[in-house]
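J.: A predicted structure for the sequence below; I have some questions about it.
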Amino acid sequence: MAEDKALKSSFDLAMERLRKKDADAGVERKPVTDAQKAAIAEIRNLYEARLAEVDVLFSSQLRAMVDPAEREAREDQYRRDRERLTGERDAKIDKVRSS
């Protein structure tokens, strides 16, 4: 083994393979600017607050429910709300990254 080549961790080797695979597929890698980082952080903070609000409302409503069918319906609504909010968040983050 050559002295000038350092051993690489499995993480480094995997990242090299992924970069090569992306390059072969024609995927362009653009670094995120400071303005984009700030916008992404703002989006994450906003949606973190919205998700926390949904969690608190769900918890308080759940405590008041005794009917299993009503409880199950509320749990389904809660899951849909969380999925919708995380989907919106991820779409906005992707839009910022692509701009």
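T.: Arrived safely, thanks for sending. Residues are numbered from 1 along each chain as shown.
J.: drop to CA atoms for contacts and neighbour counts, all remaining ones
T.: Will do.
J.: which secondary structure element contains the residue nearest in space to the middle of the chain?
T.: By Cα atoms, centre = their mean, the chain has its centre lying nearest to Asp90, at 5.9 Å. Counting by DSSP states H and E, the element that carries Asp90 is helix 68-98.
J.: helices or strands next to that helix in the packing?
T.: helix 34-64 (3 or more Cα pairs under 8 Å, 6 or more residues apart in numbering; DSSP states H and E).
J.: list the buried residues of the helix holding Asp90.
T.: Residues of helix 68-98 classed as buried by neighbour count (16 or more other Cα atoms under 10 Å): Arg71, Arg74, Tyr78, Arg82, Leu85, Thr86, Arg89, Asp90, Lys92, Ile93, Val96, Arg97.
J.: and the fifth one, what does it touch?
T.: Under the criterion of Cα atoms under 8 Å, 6 or more residues apart in numbering, the contact partners of Leu85 comprise Tyr47, Arg50, Leu51.
J.: do that again at 7 Å, thanks
T.: Neighbouring residues of Leu85 by Cα atoms under 7 Å, 6 or more residues apart in numbering: Tyr47.
J.: pLDDT score for it?
T.: Listed pLDDT for Leu85 reads 97.
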